[in-house]
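Chemist: Provided below are the primary sequence and the corresponding predicted coordinates.
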Amino acid sequence: MRGNKYNVTNPARRMAYGILFDSQKEMLDFLVLKGWEKEGRIKEYARQVKFTLIPSYVDSLGKKWREIAYVADHVFYDTTQARKRVVDSKGMPTPEYLLKKKLFNYFYKKDNLAIEEEL
């Protein structure tokens, strides 16, 4: 057997500051953001922040539905743009991600938030 048929990055190449990241792009974005934090360009940095898109509920027939949530890779306040930013480190957008992005951008526009793919 030749190993994993999927192109999986070696976990050692996705680790920084003792954190194992889901992708190498997410790790590289994290390292850039850490540098910006030291320079004072950003503050209030958080990773893997959960945003509820649709809360769990029970319908009129008594069926329970689980919440639909989006977990952002990076959330921070950008002092140069004077606004809070939500950044997702995506290589290839999946159909599920595109739907959650659309829901997020709709429900959180009142908070002046939108998902961005680039720093």
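Modeler: Cool, got the structure.

Chemist: so the closest residue to residue 36 other than its chain neighbours versus residue 34, what's the distance?
Modeler: In space, residue 36 comes closest to residue 42 once its chain neighbours are excluded; the distance is 4.7 Å by Cβ to Cβ, 6 or more residues apart in numbering. For every residue, glycine as well, the C-beta is placed using N, CA and C. Distance, residue 42 to residue 34, by Cβ to Cβ, to the nearest Å: 9 Å.

Chemist: hey, where'd the helices end up in this structure?
Modeler: Listed in chain order, the helices of the chain (DSSP state H) span 24-39, 95-107.

Chemist: mean neighbour count, those: which tops it?
Modeler: Of those, the one with the most neighbours on average (mean count of other Cβ atoms under 10 Å) is helix 24-39, at a mean of 16.

Chemist: elements contacting that one?
Modeler: strand 15-16, strand 42-54, strand 68-78 (3 or more Cβ pairs under 8 Å, 6 or more residues apart in numbering; DSSP states H and E).

Chemist: quick one: strands adjacent to the shortest one?
Modeler: Put plainly, it is strand 15-16. strand 19-20 (antiparallel) (DSSP bridges).

Chemist: and the strand it pairs with, how far from the chain's centre?
Modeler: Computed by Cα atoms, centre = their mean, to the nearest Å, the chain-centroid distance of strand 19-20 equals 15 Å.

Chemist: number of nearby residues for the closest residue to residue 27 other than its chain neighbours?
Modeler: Nearest residue to residue 27 in three dimensions, chain neighbours excluded: residue 21, at 4.0 Å (Cβ to Cβ, 6+ apart). Under the neighbour criterion other Cβ atoms under 10 Å, residue 21 is assigned a count of 23.
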